[in-house]
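> My questions concern the predicted model and sequence given below.
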Amino acid sequence: MAKFDRRQFLKLMGMAGLTAVAPLPLRRAYAQSTGPYTGPLYVQIAAEGGWDVTSFCDPKVNPGGAPIINQWATTSGVQTIAGSPIEYAPYAVNQALFDRFHDDMLVVNGVDALTESHDTGVRHNWSGRISPGYPSWAALVASAYGTEMPLGFITNGGYRETAGLTQYTLLGDTGALRNLARPNAVPWGDNVYHEADELDVITRYRSERLAALRSDTDLLPRTQANMDALLQARSTNNQLIALADILPDELVSSTDTDGNTNYLLQQAQLALLCFQAGVSVSAHLQMWGFDTHEDHDAEHHAPLSMLVRGIEYLWDTAEAMGIDDRLVVVVNSEFGRTPWYNDENGKDHWPIGSTLFMRRGVDWTNRVIGATTETHEAQSLDPTTLQISPSGVRIEPKDIQQALRTLAGIESHANAALFPLNDSSFDFFDASLGSTQTS
Amino acid sequence: MLRPNTRTLHHLFMQISNRKRREYRSWLMPLFVIALVFAIAAPASAQTACGDFNDDGVVTATDALGALGAAVGINSCAMSVCDVNDDGTVSATDALTLLGSAVGQPVTLDCPGGSAAICVNDDDFFFQQVWSPILTDCIACHQSAGVAASTRYVLTAASQPDYLTTNYEVIRALTDESVTPGGRTLFLSKPLGVSHYGGQRLGMTEASTLHQNLVELVDRFDTPVACETSSSADFYAGLSNQDWSATLRRAAILFAGRLPTDSERATVASGNESTLRQTIRSLMQGDDFDAFLMEAANDQIHTDGLLYGNMDGFAALGSEYSYPHLLDRVNEAGETPEPEDDWLTYERMNRSLAREPLRLIAHVANNERPWSEVLTADYMMVNPYSGSIYVPDMVFPDRDDFDDWREVTNEGYRLPNFPHAGILSSPIFLNRYPSSASNRNRRRSRYTWRFFLGVDIESLAPRTSDPAILNTENPTLNNVNCTVCHTVMDPIAGAFQNWDDMGQFRISDNDSLPWTYKGGDLYQWGDLWYRDMRSPGFNGLVMPSSENDHSLQWLAAQIVNDQRFPRGAVEFWWPGMFGRSPTARPTDVDDPSYAETFAAWSAEQDEIDRLAGLFADGAAGTAANGALNIKDLLLEMLMSPLMTATRLTGSEQGETEQVYAGAGRERLLTPEQLDRKVASVTGQVWAPDWDPTWHELLERYRYFYGGIDSDGNIARAERMNAMMSTVVERLANEMACRIVVYEFSALAGSRTLFPYVEPDTTPAVDEQAFRNNVVLLHDRFLGETLSTNDAEVDRTIALFEEIRALRIAQNRGQFLSWGGSHCNAPFWQDETLVSGDPDHVMRGWTAVLAYLLGDYKFLHE
């Protein structure tokens, strides 16, 4: 019977002297602080509903003798950028993204999600496994780098499976956030509910009691996990004061430069503020509205534009904060959309999609990996050369997730080892391999 | 490298029994010495056999030495190699066992992941090793609607009752040479790609594990394997269960939003299990039980999305064209001089409209009606506000009574004879799950399956084999990759034929088909449904055309008579009762924890089946209210061994993480539940003085505390995080002093929390009274039954004394209403509140209450 599970892993760690018998969160909670985190900051942006990459980063014109893929292609062609292999569709506000950010971007096309189911696609793309239970990449990152942060992994909906490795936090309005950052402060004036030394006493007694409860070896796993979560939460929540100090009275307007109501802006702002305050290391941002089964061209325009404006805002604000050089961004969706229009001028689900990786100051950007046919079917690649090869393999979400783990330097982390992905041999970040040649 | 700790070595050695110490002393001591001197690196090999530390193909004393080194932390060794007794740890005992093996003693080496023989019966083997990893691939073609429908190998989808048994028998017949000559060879060779239209499947070769699973299945047909069976109760038998008083407390907090009364506790303490069940059932009434029902139901159907999301109840009804009296009452309010009347009326009307489906569920439960009525009700629920729209001529005794909910038929819609089918025809439900011209009610179908039959259509076939195949004409009808789901999904979608995308009944008077379709070639006058989709129906049964006007009523009748319906109900209420969704079926046989997860899932499935059986037979709960009684189901779930499990027993400590991951119902309270508990336990609501109805946990901090809006955010937080913990801290800080002030401002005889002490009572003044009061607080806040000399009582008293001493030493203020730290009681509003605290007793109690309000056991139930 296979029993090399997480618990036993922890026991093994314990035997190796890394921890007594304390489970992982407990160990983290007591971990010695190593100073402010100065490493990369991770953002994943989900285009929820299934984006049309043929009108974005894997542009398709209309093949002769086949149904029309894109209406824009009846009047325009694929857009190219001088000195870059990246191409894009003349649709929405794509130009603003690709013209400006191509040097900071790696495009991976022809990713086969192996599904057209929304839930499955979301899960597959953000965890690397089609079955339930694997953590989101952002959660995995937080479990590696954010264990001493109160809001290690923040999210705005979407896939947020943590697999018990860490906790996620949903963010809301800033007034309440400020109250919570200083829970002993009276909201008006400068008084407090408990004198500081008295609060310290209360806190100490709480901790002692919780430790006593937790020392019971007969606790159910669920109780253990709940107690560990509480302990970890309490051990880090005082850091929220740093966030309160920099929170603006009002968040950025949710109306973007195109006049759309774009909540991605505020999501991005809050994420960056949390990064700046040192209370978070990873964030999941969410842009809705891509599931355009009807009137696709009109309906897809707004969410795609908002996605671009959100990405622009993210980088602009990070630059203003001086943390753009630490930002690692991945943009993805659960799958693509059909390379044809349905009877309602919509586009239905299509398993082939793309992924954008963004990072500044690295040599692996300004490239395109992967390819699709003229009718947007995924092509197989030779993993060693990243070139099209009939005997090669298709890129799947597990490859993207493995790449993300590599990018974050957690591919060998113990927590990643608990959720192994099938061996993925694509090295998207080997700049010497160049781009995939399509002609 | 870590250094060995000699104390640890000694401790390990002393843990071994005297007999074994004597037996192995001559071997062990030298090994300990050697282990101290050398650290041995285990060769890295995924194939290393159990016990063969140095991977040299034979177990010797050297391997025992390696294991010993691992046990004391100077070597690393995989559990699959060194945990030779499979107890979850590598210890000196493993080293001794290895030593015994090395010297030829008859010991068994059983490492995790090793090959220790475990009996798996045929049913489990079929499901675990054949159906899940293999046949779910086959069924894309080998099903009645698939391209392989004409073969002898046609499988039944997981959405069908008894699909496992059916499929097992199909394969048994196929591989029985007396029934199907040559069938066995075909069955085993086709997935290898031999003369198989679908080619090689899942990369199978004769040597692959998957193919060996098929071979073993066929062998098992010849030589059945039967193991000792165990029920779900047996599975959880290794856990200890909570006592009845704890069950009663949980029931009271969950169902009645309060603590059990002394009378209820006494009744249960002196009674038997039947008494307990009757007492719990009596808790299932009133507003707080309604709140439980509606919150638990909403966690499934999320119709509150029309309260908190982007669309509201008014929008769901469309316009005055559809409901001519839609805005009558709002307009009436607008004619009053008080502008707030407009808003209040609008808010109440919207809440009344949005809550209609949840009110139906509560109504069915409260009136002891069968769960089936949730779908078959030929009425809807209205109060005076929503009644003004749905039944404009109806007269209520008090038109402002929000809580006066009644059964009515919808007479407010512009067309007569509205065909009610419970929740299915609810405008709110239909708008929470809107459709489109291309979606064609499939979303409604999907959620109908999930909510009421416990079938997740998306899980039937999460994979597609080739996206290019989708490029076919009408793939959902013709392409096998799609039909596996759409065969199940589309007929129910068709039964929603009379409702348009936004839930309007026969929007064009005759039908609800979109104009984009009606303008095409397929549409014919009089059609109600698409000609290029499957006909309305259910589970292989086509709906008779005579039911066209009442298609949802026909569908509801089919669903409630389906044998999956009771099981669907158990799964519907599961998260509300257990604080988590049912365990997902593990699908990845390569997952290292697959066996444990599968065992846990399987036991839970047994328990769901047991509950469903009792529910269907009217034998659940108190077994006195007929079949499909919701209260009885909830009661039975509360009494489930899965829920009453509270602790591991010693023998189960090595089997925790995956196996018992779902056991117990101790859960983090939701914002709504914590809000009710605070009020019930303390007598105070956490709300600003200027608006006692604006509960902080339900408004300002709702989402920070893991609450949901039922729209974009539908997943509740199941565990505490840092942000949530600050909500608790603010709650404790704001409320503790307030509660103390209100308590001590009341006469002793009417106090709930401090009946044994006065504002000047310290332990030094009256220790027994003080201890009695601390015991009471632990009972009330934390559900702990302690003696007066319990260590936890001592701890609480120590906290009280330390705070007092600190304040006295610092010469801090002796009034609560001014000076020093803020006490959040409305002294400015109520001059009768006690403010003087010369002995710092009330400040001491304030600290104690802040301590208790933030306690683990206060926040979890």
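Now that the structure is in, tell me what you want to look at. These figures come from a predicted structure and were not determined experimentally. Numbers count the residues shown, from 1 in each chain, chains lettered A, B, ... in the order given.
> Kindly tell me how buried B:Thr205 is, as a neighbour count.
12 (other Cβ atoms under 10 Å in any protein chain shown). Any C-beta I mention is one placed from the backbone N, CA and C, and that applies to glycine too.
> So it sits against B:Val194, correct?
No: assessed by Cβ atoms under 8 Å, B:Thr205 is found out of contact with B:Val194, at 11.5 Å.
> could you pull out the strands for the stretch 101-250 of chain B?
B:239-241 (DSSP state E, counting those that start in this stretch).
> Closest residue of it to chain A?
Nearest residue of the stretch 101-250 of chain B to chain A: B:Pro112, at 3.4 Å (Cβ to the nearest Cβ).
> ok, that residue to A:Leu251 distance?
50 Å (Cβ to Cβ, to the nearest Å).
> Give me the more crowded residue out of these two.
Higher neighbour count among B:Pro112 and A:Leu251: B:Pro112, with 24 against 16, using other Cβ under 10 Å.
> what's the least confident helix or strand in the chain, going by average pLDDT?
Let's take chain A. Least confident helix or strand of chain A, by mean pLDDT, DSSP states H and E, is helix A:6-15 with a mean of 29.
> how about the strands in chain A?
A:41-47, A:79-81, A:84-88, A:105-112, A:153-155, A:168-170, A:282-287, A:327-333, A:336-337, A:349-350, A:352-359, A:367-369, A:381-382, A:387-388 (DSSP state E).
> again, but for the stretch 301-450 of chain B
Using DSSP E, counting those that start in this stretch, the strands found in the stretch 301-450 of chain B span residues B:380-382, B:406-408.
> Select, out of those, the one closest to chain A.
Chain A lies closest, by Cβ to the nearest Cβ, to one member of these: strand B:380-382, at 30.0 Å.
> now the closest one: mean pLDDT?
Averaging pLDDT along strand B:380-382 yields 98.
> What of stretch B:155-172?
Stretch B:155-172 comes out at a mean pLDDT of 86.
> Now A:Asn345: closest residue in space, sequence neighbours ignored.
Closest residue to A:Asn345 apart from its sequence neighbours, by Cβ to Cβ, 6 or more residues apart in numbering or on different chains: A:Asp295 at 5.3 Å.
> Ok, B:Leu174 next?
B:Gly183 (4.5 Å).
> So what's the residue count around the nearest residue to B:Ile630 once chain neighbours are set aside?
Spatially, and ignoring its direct neighbours in sequence, B:Ile630 is nearest to B:Ala365 (4.1 Å; Cβ to Cβ, 6+ apart). Close neighbours of B:Ala365, defined as other Cβ under 10 Å, add up to 25.
> hang on, B:Ala365 packs against B:Leu628?
No: taking Cβ under 8 Å as the definition, B:Ala365 is not a contact partner of B:Leu628, at 10.8 Å.
> Could you list the contact residues of the stretch 751-861 of chain B toward chain A?
Within the stretch 751-861 of chain B, the positions adjacent to chain A are B:792, B:795, B:798-799, B:802-803, B:806-807, B:810, B:812, B:820-824, B:843, B:846-847, B:850-851, B:854-857, B:859-860 by Cβ under 8 Å from any Cβ of the partner chain.
> Now A:Asn238: closest residue in space, sequence neighbours ignored.
A:Pro150 (7.8 Å).
> Count the neighbours of that neighbour for me.
30.
> who's in contact with it?
A:Ala233, A:Thr236, A:Asn237, A:Asn238, A:Gln239, A:Leu240, A:Val279, B:Ala722, B:Met723 (Cβ atoms under 8 Å, 6 or more residues apart in numbering or on different chains).
> measure the residue nearest to B:Leu358 when sequence neighbours are not counted to B:Ile301 for me?
Once flanking residues are discounted, B:Leu358 sits nearest to B:Met294: 4.1 Å by Cβ to Cβ, 6+ apart. Remark: distance between B:Met294 and B:Ile301 (Cβ to Cβ) = 10 Å.
> Pull up the overlap in contacts between those two.
With Cβ under 8 Å, 6+ apart, B:Met294 and B:Ile301 have common neighbours B:Leu358.
> Look at the residue nearest to B:Leu358 and give its secondary structure.
helix (DSSP: H, G, I helix; E, B strand; the rest coil).
> Now do it, the pLDDT please.
pLDDT, read off for B:Met294, is 98.
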